[in-house]
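1. Could you look at this predicted model? Sequence included:
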Amino acid sequence: MNVNLSDQAIVVIMVAVAVFLLAQSFMVPAFGENRQARKRLKKRLRAVADTPERRERLALLHNRRQPSSLERTLGALPGMRRLERLIEQAGRETPAYRLVLISLSLGVIAGILLAKLSTFPLLIAIGGGVAGALPLLKLLRERNRRLAKFEEQLPDALVIMARALRAGHPFNDAMKLVAEEMPEPIGPEFRITFMEINYGGDIRLALEGLLERIGSVTVMVFVTSVLIQRETGGNLAELVDGLATVIRERFRFHRKLKTLSAEGRLAAWILSLLPFGLAGVLSVASPDFLPTLTKDPIGRQMVMAAFVMVIAGILWIRRIVRIEV
């Protein structure tokens, strides 16, 4: 292949942008919350009390050791608190600064290896950045899978709570029963909430702590409903049982919606990556074709115009496939 390094870099950047947009647009979870719901959730999370004393108490409930002074200093760096929350939502106990060091190490190692194979700085920077982002991408995948499993287990947990409440158990014991009967991840999360209440914590702060750790609109509905019931009164067992039915139906609806839109997402992947696949086939079948196209100024303009249309097509198909409910 006689394409020069600058053309290779352009192709790499184009493919990276297209794959990133496709992944962001069409890899959606089972519960796809709309923009209004996400705004309400973020507003509610900002209102949750997040003090150092509360974090230390949660660390004790997690059976974690107390951090050293160096770890506390590193944890106070910008962005570390958000990374700690992401690690907590993924169900891992790795310190945030350790994950940052692992990412930096992978990026530097990948950059050194690529520097020995190529002298093009942009390609080295892209390769190092991708390698450094792998731990974060793995963490995001684990977080999404864990939260999806939590939301799938939530209706069964609410049914258990409703039966316990009908049997005369108080709200704390109902949460304890869920913690004992349900597996990971919902069991340990309810156990932390129960222990925080049982050790003298405020119920509102404990439930909002659950919402902060999970960060789901479904959990926000549960927490808000329980807190409103405690202020206004009513049959909590019927409320929890009704929430279980609504969440289960909502989950079933989103699963059906995801299945019905699978054909559109697959078409988006095929149509968006087809030009790059065709370029790869042409580079093998006719090595002189692409250099002739990219060396000509009009050919470069045509390539850029085609890339812009691909991006516009991805965004347009995204509007069609992502149905907000």
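-> Nice, thanks for sending it over. Residues are numbered from 1 along each chain as shown.

2. which residues of the stretch 201-325 of the chain fall in helices?
-> 203-214, 217-232, 236-260, 262-285, 289-295, 297-321 (DSSP state H, counting those that start in this stretch).

3. Show me what the fourth one is packed up against.
-> Counting contacts by 3 or more Cβ pairs under 8 Å, 6 or more residues apart in numbering; DSSP states H and E, helix 262-285 is packed against helix 5-26, helix 289-295, helix 297-321. Where you see a C-beta, it was placed from the backbone N, CA and C, and this is true even at glycine.

4. Of all those helices, which one is nearest Gly200?
-> Closest of those to Gly200 is helix 5-26, at 43.4 Å (criterion: Cβ to Cβ).

5. about what we covered before: point out the most buried one among the helices of the stretch 201-325 of the chain.
-> helix 203-214 (a mean of 20; mean count of other Cβ atoms under 10 Å).

6. gap between Arg92 and Arg146?
-> Distance, Arg92 to Arg146, using Cβ to Cβ, to the nearest Å: 9 Å.

7. Tell me which of these two has more neighbours.
-> Arg146 (19 against 14; other Cβ atoms under 10 Å).

8. I'd like the next helix or strand past the strand or helix carrying that one.
-> Here Arg146, judged by DSSP states H and E, is contained in helix 121-166. Per DSSP H and E, the first helix or strand lying C-terminal to helix 121-166 is helix 171-181.

9. mind listing what's buried in whichever helix or strand comes after that next one?
-> Next in sequence after helix 171-181, counting helices and strands by DSSP H and E, comes helix 186-198. Buried residues in helix 186-198, defined by neighbour count with 16 or more other Cβ atoms under 10 Å: Ile186, Gly187, Glu189, Phe190, Arg191, Ile192, Thr193, Phe194, Met195, Glu196, Ile197.

10. residues in contact with helix 186-198?
-> With contact meaning Cβ atoms under 8 Å, 6 or more residues apart in numbering, helix 186-198 is reached by 57-58, 61-62, 149-150, 153-154, 157, 172, 175-176, 178-182, 203, 205-207, 209-210, 213-214.

11. what angle do that helix and helix 203-214 make?
-> 150 degrees (axes from the mean of the first three to the mean of the last three Cα atoms, to 10 degrees).

12. Give me the contacts around the helix or strand where Arg81 lies.
-> Element membership of Arg81 [criterion: DSSP H and E] is helix 80-89. Defining contact as Cβ under 8 Å, 6+ apart, one finds that helix 80-89 is touched by 50, 74-75, 93-94, 96-97, 99-100, 139-140, 143, 146-147, 212-215.

13. what residues are up against Pro185?
-> Contact analysis of Pro185 by Cβ under 8 Å, 6+ apart lists Gly91, Arg146, Lys149, Phe150, Gln153.
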